[in-house]
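[1] Build me a structure from this.
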Amino acid sequence: MSGVEPAGLDVLGWRPELAAAWDEGRYEEVFAGACPGRVGQVDRGACTVLLADGTVRATPAARVFRPEEPRLGGPGLATGDWVAVAGDRVEDVLPRHSAFVRGSAGARTEAQIVAANVDTVFVVVALTGDQRLRRVERYLAVAWQSGAQPVVVLSKADLHSDPGAAAEEIEGIAPGTPVHTVSSHTGDGLDALEQYASFGRTVALVGLSGVGKSTLVNRLSGMEQLTTQEVRGDFKGRHTTTHRELVTLPGGGLLIDTPGMRGLAVWDAGEGIDRAFSDIEELTGGCRFRDCTHGDEPGCAVSAAVGDGALDEGRLGSWHKLRREQRMLELRQDARARAEDKQRVRTRARALKKRPHR
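    Numbering: from 1, shown residues only. Down below sits the predicted model:
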């Protein structure tokens with residue numbers, strides 16, 4: 001590497017492909033005095049960047065937010081990003097190898113990057129109250145789309161009468177996804193999670209507020225790194241995390257704790273939906289018609305599977321719902337792109353009119 005030594009960066013997840021991207025981008029030449037760092041936290045228009053020899057508070061340059069930047073997950077800065085830092089300024093973002101992205105809340109059609117450069121996504125679900133299988137399916141679709149390996153972590157197992165049965169239920173709707181039951185209170189099951197956060201590997205924790213993500217981070221790190229609150233009398237957790245934060249582990253792994261998400265809108269998650277519902281995708285190959293909508297068409301293998309009990313009707317409904325949301329997103333994106341093109345044409349036309357005639 002030209003001037004960038006891996007010592008001190010490896011523990012943050014630095015890899016050969018990042019070194020190659022650094023050299024190819026010639027960051028040290030383009031931005032005088034630039035060095036690589038990893039974003040540990042983003043807040044108030046600035047960010048905390050972890051360096052090989054410490055940390056720095058930095059402000060992102062305008063180019064970081066340019067929409068034309070061809071970057072996985074889109075423009076902007078996210079916890080977990082690798083960046084080029086010069087002084088107290090983030091000059092650019094290195095290519096991401098994964099990005100957990102959700103659609104923004106409300107009517108705006110925008111992406112929100114929850115975490116970047118993650119190897120594993122822990123979908124944390126508390127074993128208190130009813131199991132919301134449809135919600136887990138949604139999280140898994142977005143997690144698969146991120147490019148990371150999803151893992152379902154069933155927390156607060158000590159508060160459930162039969163955590164093994166609960167795990168089997170989740171396994172039935174999570175093909176290709178490991179499922180673990182853990183208790184941060186007793187420590188049961190925590191050892192099985194350490195394999196995902198080995199040296200240089202990054203794990204992001206996602207889920208609703210109060211499911212025990214911050215407590216899980218503290219137990220895995222062996223210290224009180226994040227603030228937590230006691231479980232309420234109805235066994236529901238209390239919201240604690242208010243921002244995304246990168247936490248280093250004693251063994252060299254890294255965790256990204258994220259605030260609870262009341263809603264999780266899909267964003268360009270077509271492939272993720274296919275992976276999360278691979279059992280249904282496999283069934284579609286047996287339909288009589290290639291354009292089968294898997295409703296009441298004759299010869300529909302999917303409907304037949306529901307009829308004979310091989311496929312849960314609720315799971316099929318969840319698949320249809322997510323596919324509809326993805327299709328609506330694509331239509332909104334097309335409409336927005338057309339509107340932006342028209343605005344660029346108008347802006348250029350006005351500029352031409354203001355030019356003096358020659």
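
[2] pLDDT score for V64?
    Looking at V64, its pLDDT stands at 90.

[3] Tell me which residues touch it, please.
    P75, G76, L77, V90, D92, V93 (C-beta atoms under 8 Å, 6 or more residues apart in numbering). Every residue, glycine included, has its C-beta placed from N, CA and C.

[4] Mind listing the residues bridging to the residue positioned nearest the centre of the chain?
    In the chain, the centroid-proximal residue (C-alpha atoms, centre = their mean) is F100; its distance is 1.9 Å. Applying DSSP bridges to F100 gives these bridge partners: A115.

[5] What segments of this protein are strands?
    Remark: strands assigned in the chain by DSSP state E are 35-43, 46-51, 54-60, 82-86, 89-93, 99-103, 111-116, 120-126, 149-155, 179-181, 202-206, 245-248, 254-257.

[6] In the sheet, which strands lie alongside the third one, parallel or antiparallel?
    In the sheet containing strand 54-60, its partner strands are strand 46-51 (antiparallel), strand 89-93 (parallel), by DSSP bridges.

[7] Redo these as a markdown table? Include distance to A157.
    Shown next, in a markdown table, are the strands paired with strand 54-60 (distance: least, C-beta to C-beta, whole Å):
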| stretch | distance to A157 |
| --- | --- |
| strand 46-51 | 33 |
| strand 89-93 | 38 |
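
[8] what's the most buried one of those?
    strand 89-93 (a mean of 21; mean count of other C-beta atoms under 10 Å).

[9] and it, how far from the chain's centre?
    22 Å (C-alpha atoms, centre = their mean, to the nearest Å).

[10] Quick one: closest of the strands paired with strand 54-60 to A335.
    Among the strands paired with strand 54-60, strand 89-93 comes nearest to A335, with 27.9 Å by C-beta to C-beta.

[11] returning to what we had before: and of the contacts of V64, the nearest to G317?
    For those, the nearest to G317 is G76 (33.6 Å; C-beta to C-beta).

[12] so where's the stretch 251-358 of the chain uncertain?
    Low-confidence segments of the stretch 251-358 of the chain, defined by pLDDT under 70: 336-337, 340-341, 344-345, 348-358.

[13] show me where it has helices.
    Taking DSSP state H, counting those that start in this stretch as the test, the helices found in the stretch 251-358 of the chain are 270-276, 278-284, 301-307, 313-354.

[14] again, but for the stretch 101-250 of the chain
    Counting by DSSP H, counting those that start in this stretch, the helices of the stretch 101-250 of the chain are 133-146, 163-171, 213-221.

[15] nearest to A276, of the ones you listed?
    helix 133-146 (4.1 Å).

[16] Can I get the helices of the stretch 101-250 of the chain in a markdown table including mean neighbour count, distance to Y196 and mean pLDDT?
    Shown next, in a markdown table, are these (neighbours: other C-beta atoms under 10 Å; distance: least, C-beta to C-beta, whole Å; pLDDT from 0 to 100):
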| stretch | mean neighbour count | distance to Y196 | mean pLDDT |
| --- | --- | --- | --- |
| helix 133-146 | 23 | 13 | 96 |
| helix 163-171 | 15 | 17 | 95 |
| helix 213-221 | 23 | 10 | 90 |
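
[17] pretty sure L246 contacts G40?
    Yes: shown here, L246 and G40 form a contact pair, counting by C-beta atoms under 8 Å, at 4.1 Å.

[18] Residues that sit against both of those two, list them.
    L50, T79.

[19] Quick check: end-to-end length of stretch 9-29?
    One end of stretch 9-29 sits 20 Å from the other (C-alpha to C-alpha, to the nearest Å).

[20] Out of the helices of the stretch 251-358 of the chain, which is the most enclosed?
    Taking mean count of other C-beta under 10 Å, helix 270-276 is the most buried of the helices of the stretch 251-358 of the chain, at a mean of 20.

[21] Show me what that helix is in contact with.
    In contact with helix 270-276 (C-beta under 8 Å, 6+ apart) are residues 137, 140-146, 174-176, 266, 281, 319, 322-323, 326.

[22] can you tell which of the helices of the stretch 251-358 of the chain is closest to V121?
    Here helix 270-276 is closest among the helices of the stretch 251-358 of the chain (C-beta to C-beta), at 10.9 Å.

[23] hmm, back to that, could you dump the strands paired with strand 54-60 to CSV with distance to E313 and mean pLDDT?
    Listed next are the strands paired with strand 54-60 as CSV, based on distance: least, C-beta to C-beta, whole Å; pLDDT from 0 to 100:
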stretch, distance to E313, mean pLDDT
strand 46-51, 46, 95
strand 89-93, 44, 95
